[in-house]
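> any chance you could fold what I've pasted below:
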Amino acid sequence: MPYFGALSLNDPLIQLLLNISRALLILGVALVLARVARRWVVRVLSRARGRVSLNTATLLGNLAQVGVMFLGVVSILPSFGVDWTGLLALVGAAGLAISLSMQDLLKNVIAGIYILMEQPFRIGDRITVKEATGVVLGIELRTTVLCTDENLQMIVPNNVVLTEIITNRSATDLKRQLVIVSTQGGNLTEMGRQITDALNDLEGIAATPPPATALEGIKEGIARLRVEFWVPSTERIAVTALVIERLRALYPGADVDVL
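Numbers count the residues shown, from 1 in each chain. Next up, the predicted model:
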């Protein structure tokens, strides 16, 4: 029989260390598999356009991740002598303790499931929540991730999203388009008014929300203006081409780029 110093493989301490090592290995593998399963489910279901929405794909991916992790945890319990009867009692006691100590986390998780099921907005929509506006980058079990108009990432707890009044600016068929105009600095207020007036006269651009112009910065005498306007999704390419043509005619020496 192999020995480790004065300890044999049958020694309780050795068995405990082996069980802990086995458990850590299983948990590590389960964690990797859970992430892979989530990404695979979302990717496969996202390809089935028209049949499965991106929100539903995300929800099922999150559930797959939780399911794999649960199986990993369950698989290591017998190594520590936990039978199913004891497991049920343990789950009941743990569930009560968790529900009392992690109420905020559970609220956010439940809210995330409701958001993914009811779909008040979708990934890619532009929404306003608590006076902050941004494009939805992701809907996780606990948080919703937004990219604000200032290109900042904002993490919002799902419970806040669910209980606050939300304005979904993408609920209609209108899509936001951004154009950057880089030109020699001048009267920036007058330039903004000129650009807005030029866009208001173009057919196909929505009056609500109205076109808007904002200064992003000035570098080496070159002003960088962000132009925002809304167009029907079916006319986005054609109207954007007209906007570029109009802006280049308004400022012949300017660089006009589409974001």
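> you'd agree Glu216 is up against Glu228?
No. Between Glu216 and Glu228 there is no contact under C-beta atoms under 8 Å: 11.4 Å. Using the backbone N, CA and C atoms, a C-beta is placed for each residue, glycine as well.
> which one's more surrounded, these two?
A side-by-side neighbour count of Glu216 and Glu228, using other C-beta atoms under 10 Å, places Glu228 first with 17 against 14.
> return the backbone torsion pair for the more buried one.
When read as degrees, to the nearest 10, the backbone of Glu228 gives phi -120, psi 130.
> quick one, what contacts the closest residue to Leu105 other than its chain neighbours?
Leaving aside its chain neighbours, Leu105 sits nearest to Arg142 (6.8 Å; criterion: C-beta to C-beta, 6 or more residues apart in numbering). Applying C-beta atoms under 8 Å, 6 or more residues apart in numbering, we find Arg142 in contact with 105, 108-109, 112, 157-158.
> buried only: go through these for me.
108-109, 112, 157-158 (16 or more other C-beta atoms under 10 Å).
> among those residues, which two are most distant?
Val109 and Pro157 (10.2 Å; C-beta to C-beta).
> ok, Ile26 - contacts?
Counting by C-beta under 8 Å, 6+ apart, Ile26 touches 72, 75-76.
> of those residues, which is the nearest to Thr183?
Nearest to Thr183 among the contacts of Ile26: Gly72, at 58.0 Å, using C-beta to C-beta.
> thinking again about what came up before, quick one: which of the contacts of Arg142 is nearest Gly221?
Using C-beta to C-beta, the contacts of Arg142 come closest to Gly221 at Pro157, 43.9 Å.
> for that closest one, give the beta-bridge partners.
Following DSSP bridges, Pro157 is listed with bridge partners Thr143.
> what distance do you get for it to Leu17?
40 Å (C-beta to C-beta, to the nearest Å).
> Gly138 now?
40 Å.
> nearest spatial neighbour of Ile222, chain-adjacent residues omitted?
Ser182 (5.5 Å).
> quick one: strands adjacent to the host helix or strand of the one you found?
In the assignment (DSSP states H and E), Ser182 maps to strand 174-184. According to DSSP bridges, strand 174-184 has the following sheet partners: strand 222-232 (antiparallel), strand 255-258 (antiparallel).
> for it, output the C-alpha coordinates as CSV.
Provided in CSV are the C-alpha atoms of strand 174-184 (Å, rounded to 0.1, in the frame of the first residue of the first chain):
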residue,chain,number,x,y,z
LEU,A,174,-37.1,54.6,-36.7
LYS,A,175,-33.3,54.0,-36.4
ARG,A,176,-30.7,56.4,-35.2
GLN,A,177,-27.9,57.4,-37.5
LEU,A,178,-24.7,59.1,-36.5
VAL,A,179,-22.5,61.2,-38.8
ILE,A,180,-19.3,62.9,-37.8
VAL,A,181,-18.3,66.2,-39.5
SER,A,182,-14.7,67.3,-39.1
THR,A,183,-14.0,70.9,-40.3
GLN,A,184,-12.0,74.0,-39.5
